[in-house]
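In: here are the coordinates; sequence isn't available:
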């Protein structure tokens, strides 16, 4: 792709995109990033020129347009901006598993939001409204400082912000065509910001949970029926509201229940930093004036769940379920893999990180290292542990009581996350040109290329029996493939509109399932594509994520043949071709954030600190 920037013709490398969305692709060039629109327009050009000609004084952590980018014919096709280094989306701050694994405390979250609110206030002082303020266009770095992106969509002067993300959109704007004129205000930005901080402090959406009679989320929003309402079943993953202080809870009630639009200024947020204390028993952070941990000494009673309101259009299966504990920790479960009748676990008990190999006859413990390492990923094959940190890949032998380093190599990343994999007997890594399959022989890596890849634009997952599902991204277009000993096959699935924000892959013996979540025109959609080992499409469906019974989240699911198995707060739900069957007797053992694995003649479920083996019948 050739562009012109400051009079210089530049050939952009298809290996350097940093991300892609529905409207543009962002490509790295030296110390800059170019945002190139898929469909440049006169309106975008006028808005960019007006922004650049204005005398806005914005903080350095706002990735503002710096200059225009042209095609060789002289048409404006985008703009240049600074690169946000080592930054992650705010959406991760409301992900409990991510927070636990990275030891990000409530005080850290408060610090990020205080910095973000200072920035938002400075943006407002310039007469600019963000409009589509959401947890995918705010980033945070390793110093817990915020970065604001997608600045070209901001509202200023007569230029509107043309879209709003549904769960962050103030209900006063429901049903309005946002592209016709400026509609957003400081108050609507305050609302969106409050939704983000609420989600990050309690791990629930302000209007989340299940209402006993009102299924439609937007109807609940219009009626101000919050997650705290007496007729709403509070999500199991959510923290008790009593972890916060009464002042903050009153602010949220005024905003979401009473419809007031009050400002939570940066100074107010800053005062909370350092004032959340950890429970010595469970580790939960709660506000210092609370005398007891709200989890260990539960204040909010759990309502009985009306199962008929949880999953609609379902069969209810009351088959008996028995459970057996396989593993428990006082710390954090960092990694789980189930294969060859073994359950492999990595945990951190606030003293050291340990590998556990559990089968029906034994529980082997292997010491990995003291303390806790952040920003790493694991996989396991044979008796060896893979540990990745960015592009570094370490291989440890776990045959003894202490892990021994065998080899160190590298693998590439996709969108900043390391891409590597393991089957039951081999490991896989990415070079600049190939997917390599390897194993260790006498402390040496023996490997061979099995598939050509695109540098920094390849993502994949691997099954235990060496079947791979992945994709290449070429300037924002995704090309999916299945690879195995039979060969490489393209997936016959349609491309998605908008930005793809999440991928998950599940494997069964002859079946693979690709799960995707996309953001298009402010709405989030979940997609299921089931294929065989040659990429032939067997089944597909898509639906809005927010109103979905089982696809609000994509992680934690399992696959058995063509049966998709979902964890929910109501219990395990088995899906076959869109038909849902709820296993009611599993309700006490799972929640919507559990991880499920097929194991022997039952299911392994992973919760915060426990791993259980469930057997039906």
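Out: Good, I have the coordinates. The structure displayed is predicted, hence computed values, not measured ones.
In: pass me the low-pLDDT residue ranges in this structure, would you?
Out: 299-315 (pLDDT under 70).
In: quick check, central residue of it?
Out: residue 92 (5.8 Å; C-alpha atoms, centre = their mean).
In: tell me the SS of it?
Out: helix (DSSP: H, G, I helix; E, B strand; the rest coil).
In: nearest residue to it other than its sequence neighbours?
Out: residue 98 (4.8 Å; C-beta to C-beta, 6 or more residues apart in numbering). C-betas here are computed from N, CA, C, even on glycine.
In: same check, this time on residue 402
Out: Nearest one to residue 402, counting by C-beta to C-beta, 6+ apart, is residue 367 at 4.8 Å.
In: try residue 376
Out: Counting by C-beta to C-beta, 6+ apart, the residue nearest residue 376 is residue 389, at 4.9 Å.
In: that neighbour contacts residue 417, correct?
Out: No: taking contacts as C-beta atoms under 8 Å, residue 389 lies outside contact range of residue 417: 11.0 Å.
In: show me what contacts residue 610?
Out: Listed by C-beta atoms under 8 Å, 6 or more residues apart in numbering, the contact partners of residue 610 are 325, 327-328.
In: most neighbours of all these, which one?
Out: The most neighbours of any of the contacts of residue 610, using other C-beta atoms under 10 Å, belong to residue 327, which has 19 neighbours.
In: could you say which helix or strand holds it?
Out: strand 321-328 (DSSP states H and E).
In: quick check: residue 27 vs residue 14, distance?
Out: Going from residue 27 to residue 14 by C-beta to C-beta, to the nearest Å gives 9 Å.
In: common neighbours of those two, please.
Out: Common neighbours of residue 27 and residue 14 (C-beta under 8 Å, 6+ apart) are 1, 475.
In: which of those two has more neighbours?
Out: residue 27 (26 against 17).
In: after the strand or helix carrying that one comes which helix or strand?
Out: If you go by DSSP H and E, residue 27 is part of strand 24-29. Counting by DSSP H and E, the next helix or strand C-terminal to strand 24-29 is strand 32-37.
In: report the beta-bridge partners for the closest residue in space to residue 407 that isn't next to it in sequence.
Out: Spatial nearest neighbour of residue 407, excluding adjacent residues (C-beta to C-beta, 6+ apart): residue 395 at 4.7 Å. Bridge pairing for residue 395 (DSSP bridges) gives the partners residue 386, residue 407.
In: please report how far residue 395 lies from residue 425.
Out: 14 Å.
In: of the two, give the one with the bigger neighbour count.
Out: When residue 395 and residue 425 are compared on other C-beta under 10 Å, the one with more neighbours turns out to be residue 395, at 23 against 13.
In: and that one, how far is that from residue 378?
Out: Computed with C-beta to C-beta, the distance linking residue 395 and residue 378 is 11 Å.
In: any residues in contact with both of those two?
Out: Contacts common to residue 395 and residue 378, judged by C-beta under 8 Å, 6+ apart, are 385-387.
In: I'd like to know how far residue 571 sits from residue 26.
Out: 41 Å.
In: next, the buried residues of the longest helix along the chain.
Out: In terms of residue count, the longest helix belonging to the chain (DSSP state H) is helix 106-125. Buried residues in helix 106-125, counted by 16 or more other C-beta atoms under 10 Å: 106-124.
In: elements contacting it?
Out: strand 138-140, strand 146-148, helix 186-202, helix 266-270, strand 276-278 (3 or more C-beta pairs under 8 Å, 6 or more residues apart in numbering; DSSP states H and E).
In: can you put these in TSV and add distance to residue 595 and mean neighbour count?
Out: Formatted as TSV, those follow (distance: least, C-beta to C-beta, whole Å; neighbours: other C-beta atoms under 10 Å):
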stretch	distance to residue 595	mean neighbour count
strand 138-140	25	25
strand 146-148	30	23
helix 186-202	21	22
helix 266-270	33	16
strand 276-278	24	18
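In: look up how far residue 588 lies from residue 185.
Out: On the measure of C-beta to C-beta, residue 185 and residue 588 end up 46 Å apart.
In: neighbour count: those two, which is higher?
Out: residue 185 (17 against 9).
In: verify the stated contact: the more buried one with residue 127.
Out: No: Residue 185 lies out of contact with residue 127 (C-beta under 8 Å); the separation is 11.7 Å.
In: give the contact list for residue 417.
Out: Counting by C-beta under 8 Å, 6+ apart, residue 417 makes contact with residue 377.
In: let me see the contact set for the residue nearest to residue 388 when sequence neighbours are not counted.
Out: Setting aside the residues directly before and after it, residue 388 is nearest to residue 418 in space (C-beta to C-beta, 6+ apart), at 3.9 Å. Applying C-beta under 8 Å, 6+ apart to residue 418 gives the contacts 377, 388-391, 393, 411-412.
In: please apply the same query to residue 15.
Out: Counted by C-beta under 8 Å, 6+ apart, residue 15 has contacts 454-457.
In: what does residue 542 give?
Out: 525-528.
In: now whatever helix or strand it lives in, how far from the chain's geometric center?
Out: For residue 542, the host element (DSSP H and E) is strand 537-544. With C-alpha atoms, centre = their mean, to the nearest Å as the basis, strand 537-544 stands 21 Å off its chain's centre.
In: direction included, what does that strand pair against?
Out: Short version: by DSSP bridges, strand 537-544 pairs with strand 523-532 (antiparallel).
In: ok now the partner strand, how far from the chain's centre?
Out: 16 Å.
In: what lies in contact with it?
Out: Under C-beta under 8 Å, 6+ apart, the answer for strand 523-532 is 165-167, 469, 482, 491-493, 496, 498, 501, 510-519, 537-546, 548, 551-552, 554, 562, 564.
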